[in-house]
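Visitor: I would like to see how this sequence folds:
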Amino acid sequence: MLSLETLLADPDLELRVVVPGRDGALAGQVLWVHNTELPDPAPYVREREVVLTNGLWLDRTDPADFVERVLGAGAAGIIFGLRVEQRETPAALADACREAGLPLLEISVAVPFTAVTRAAAAIQARGRQNALMSLVRRGDELTSALSRGAGASGVLAVLRGEHELPLAVVDRMGRELASSGADLDAGQLRAAAEALAGHPPPLEAELGAGVRAALFPVGAIGEADAALLCLRPAAELTQEERDALDQTARYLSLEVARHQAVQAIEMRFAVELLDMVLSGAQRAAEVPGRLRAFGVDPDGPLAVFALAFAGDDDVATLPGMAEAVTDFLLAEGLPAVVAAGSRDVVAVLSWRAGTPSLAPRLAAAVSHRFGGGRVVVGLADPVSGAAGLRTPLLRSREACRALRGRRGGPVAATFAELGSYRLLLESHDEQWRRTFADALLGPLREHDNARDGELEATLRAFLDHDGQWAATAAALYVHVNTLRNRLAKVTELTGRDVGRTADRVDLFLALEAAQSG
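Guide: Purely as a prediction, here's the structure:
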């Protein structure tokens, strides 16, 4: 890099420091050297250039004014060329530079300014050559790391071999793909993901706890899939470090694209596995091989988990939820097939002692990854092999669906723990449940559609509040008499009296069958 320091290191230039300037000024980058004898060189001097002058302007302007103009242009310093007529650097010029904190060097009478220009050109040429050689060498090492399967961690190791920088690779979901010399907590990972969501992402991100990170996007043109984070403010990085980080981010794009392609294939295979299981005997022979491909023993005991976000809205899953489940299970040493859908995320895994106790911790881990939303997990009793997976798959998903609709209670439960009525409904196929529900609820729905009514919603609220009139009326924001009139209409249309236990059971089962059908 060209600097006053590198020029001083050349003995042929016979340079001497008159005023060193402020701390580190001599080592600062210099863009070029500019020869001028104008009293006001500011319009022609670029920022970070060094002014070469013989002082022919001394009889026309005060040295302090000259220094002020040079400093205002952002120059990196002054080199004063001694002449036969001027064998010493003027004291007034030295005092002005000292006052301004601007470096001042003097050059021997015997050395022309052209020697400085040639030396500066040679230094810059060597710098460009070294930078190019570093670029090529680093590219070879990065390519080698990727080709031998070292992944993102191997790529960071190459960069850390040159620059001791704290580094991390974080994707759009706030997952840490690799790190070296950096330890980010969950909040900082979320902050990095939020920064990546910008269009375009910022050059620097505040991660919290006083940590600022320079951000180098990783991915194809358009939205960044991830970011290479250097846990230092961008202003503190040298140009060499920034160039190395930028090149590394480009190579990481290849690794992230490969990782995403593998995940997409695995997810498609996982979804196909669920289809095979639900198809019953038709594709049962394909299930064991698919499980083995994911490292799951198809002949051993198997368990099924189904996860979703709780609540009455339609947002049951979010992008990245399946990956969060996979990360948790792998950390527990449990290979699994994890498939994402719009209603839930399903994991088929090898059962072992204590597997059910993982469910609440899994819910907590996924909830934490997504900022604290309530996550519920439905389970079913384990089965002894792949041939029996259909029933636990259906039951775990039904248990998950039931937990989603609850206002509180446990975040994890088995199908059997949710009530015998579910076992009753599950013993019938979907067509039967739909027919049963339509027979009882059909008249209510016709009435509601024709009159923009709320009979079905009122019935569901009444049963959800255990038949308590005041609590139901309050929840619906209606008078108790309005509630009584609506339920009287329900009795008229369905032939079932909500005041009788047997009729309530019929209506309740019809509503549940409608949801599960």
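Visitor: tell me the pLDDT at Val111?
Guide: What the model reports as pLDDT for Val111 is 92.
Visitor: Tell me who's in contact with it.
Guide: By CB atoms under 8 Å, 6 or more residues apart in numbering, the contact list for Val111 reads 12-14. Yep, even glycine has a C-beta here, placed from its N, CA and C like the rest.
Visitor: who touches Val158 in this structure?
Guide: Counting by CB under 8 Å, 6+ apart, Val158 has contacts 138, 141-142, 145, 248.
Visitor: any idea which of those residues has the most stuff around it?
Guide: If you count neighbours using other CB atoms under 10 Å, the busiest of those is Thr248, which has 27 neighbours.
Visitor: Leaving out sequence neighbours, find the closest residue to that one.
Guide: In space, and not counting its chain neighbours, Thr248 is closest to Leu159: 4.8 Å by CB to CB, 6 or more residues apart in numbering.
Visitor: Now pLDDT too, for the contacts of Val158, in CSV please.
Guide: Output for those, formatted as CSV (pLDDT from 0 to 100):
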residue, pLDDT
Arg138, 74
Glu141, 75
Leu142, 77
Ala145, 73
Thr248, 88
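Visitor: Closest to His259 out of those?
Guide: His259 lies nearest to Ala145 out of the contacts of Val158, by CB to CB, at 14.2 Å.
Visitor: quick one: the closest one and Ala152 touch, right?
Guide: No - using CB atoms under 8 Å, Ala145 makes no contact with Ala152, being 9.3 Å away.
Visitor: that older thread, which positions within the strand or helix carrying the residue nearest to Thr248 qualify as buried?
Guide: Leu159 belongs to helix 151-162 when elements are defined using DSSP states H and E. Neighbour-count burial for helix 151-162, counted by 16 or more other CB atoms under 10 Å, picks out 151-152, 154-156, 158-159.
Visitor: right, and Ser64 touches Arg98 too?
Guide: If you look again at residue 64, you'll see it is Ala, not Ser. No - taking CB under 8 Å as the definition, Ala64 is not a contact partner of Arg98, at 11.0 Å.
Visitor: Regarding the residue sitting furthest away from the middle of the chain, what is its secondary structure?
Guide: Most distant residue from the mean C-alpha position of the chain: Glu85, 66.9 Å away (CA atoms, centre = their mean). Recorded secondary structure, Glu85: coil (DSSP: H, G, I helix; E, B strand; the rest coil).
Visitor: Run through the residues that contact the residue nearest to Thr248.
Guide: 138, 165, 167, 180, 244-245, 248.
Visitor: Those: which two are farthest apart?
Guide: Arg138 and Ser180 (15.3 Å).
Visitor: bridging residues for the nearest residue to Ser153 once chain neighbours are set aside?
Guide: In space, and not counting its chain neighbours, Ser153 is closest to Ala178: 4.4 Å by CB to CB, 6+ apart. Beta-bridge pairing of Ala178 under DSSP bridges involves Val169.
Visitor: could you check the distance from Ala178 over to Asp381?
Guide: 39 Å (CB to CB, to the nearest Å).
Visitor: Which single one of the buried residues of helix 151-162 is nearest to Glu332?
Guide: Closest approach between those and Glu332, by CB to CB: Gly151, at 21.6 Å.
Visitor: wait, isn't that closest one in contact with Glu255?
Guide: Yes - using CB under 8 Å as the test, Gly151 is close enough to Glu255 to be in contact (6.1 Å).
Visitor: Find me the pLDDT at the residue nearest to His479 when sequence neighbours are not counted, would you?
Guide: Of all residues not flanking His479 in the chain, Ala473 sits nearest, at 6.4 Å (CB to CB, 6+ apart). With respect to pLDDT, Ala473 scores 88.
Visitor: what about Ala473, helix or strand, and which?
Guide: Assigning secondary structure by DSSP H and E places Ala473 in helix 469-476.
Visitor: can you check Ala399 too?
Guide: When elements are assigned from DSSP H and E, Ala399 belongs to helix 390-404.
Visitor: average model confidence for whichever helix or strand comes after that helix?
Guide: Helices and strands here follow DSSP H and E; after helix 390-404, the next one along the chain is strand 412-414. Average pLDDT, strand 412-414: 88.
Visitor: Relative to strand 412-414, what are the paired strands and their orientations?
Guide: When DSSP bridges is applied, strand 412-414 pairs with strand 375-379 (parallel).
Visitor: ok and the partner strand relative to helix 390-404, angle-wise?
Guide: Going by axes from the mean of the first three to the mean of the last three CA atoms, to 10 degrees, strand 375-379 is angled at 150 degrees with respect to helix 390-404.
Visitor: Please, where are all the strands along the stretch 251-400 of the chain?
Guide: 302-309, 336-340, 345-350, 375-379 (DSSP state E, counting those that start in this stretch).
Visitor: Ramachandran coordinates for the residue farthest from the centre of the chain?
Guide: phi -80, psi -20 (degrees, to the nearest 10).
Visitor: helices and strands of this structure: which one has the lowest mean pLDDT?
Guide: helix 420-426 (a mean of 60; mean pLDDT, DSSP states H and E).
Visitor: any idea which helix or strand comes after it?
Guide: Counting by DSSP H and E, what follows helix 420-426 is helix 430-451.
Visitor: So what's the gap between stretch 216-231 and the chain middle?
Guide: Computed by CA atoms, centre = their mean, to the nearest Å, the separation of stretch 216-231 from the middle of its chain amounts to 10 Å.
Visitor: residues of that stretch that come out buried?
Guide: In terms of neighbour count (16+ other CB under 10 Å), stretch 216-231 has its buried residues at 216-219, 224-231.
Visitor: Nearest to Arg390, out of those: which one, please.
Guide: Asp225 (36.4 Å).
Visitor: That closest one contacts Ala261, doesn't it?
Guide: No - Asp225 lies out of contact with Ala261 (CB under 8 Å); the separation is 11.4 Å.
Visitor: Give the buried residues for stretch 266-277.
Guide: 266-267, 270-271, 273-274, 276-277.
Visitor: What mean pLDDT does it get?
Guide: Here the average pLDDT along stretch 266-277 is 87.
Visitor: got a list of contacts for that stretch?
Guide: 283-284, 286-287, 290-291, 293-294, 322, 337-341, 346, 348, 389-390, 393.
Visitor: At which residues are the helices of the stretch 201-350 of the chain located?
Guide: 239-278, 287-293, 321-331 (DSSP state H, counting those that start in this stretch).
Visitor: so which of these comes closest to Arg397?
Guide: When those are compared (using CB to CB), the closest one is helix 239-278, at 9.6 Å.
Visitor: now that closest one, how far from the centre of its chain.
Guide: 13 Å.
Visitor: can you give me the angle that helix makes with helix 151-162?
Guide: Using the same axes, to 10 degrees: helix 239-278 against helix 151-162 is 170 degrees.
Visitor: Below-threshold pLDDT in the stretch 401-517 of the chain: ranges please.
Guide: 407, 419-430, 516-517 (pLDDT under 70).
Visitor: try the chain
Guide: 131-132, 135, 220-223, 312-313, 407, 419-430, 516-517.
Visitor: returning to what we had before: wait, what's in contact with the residue nearest to His479?
Guide: When contacts are taken as CB under 8 Å, 6+ apart, Ala473 is in contact with 479-480, 482-483.
Visitor: Then Glu99?
Guide: 64, 67.
Visitor: Perfect, that will be all.
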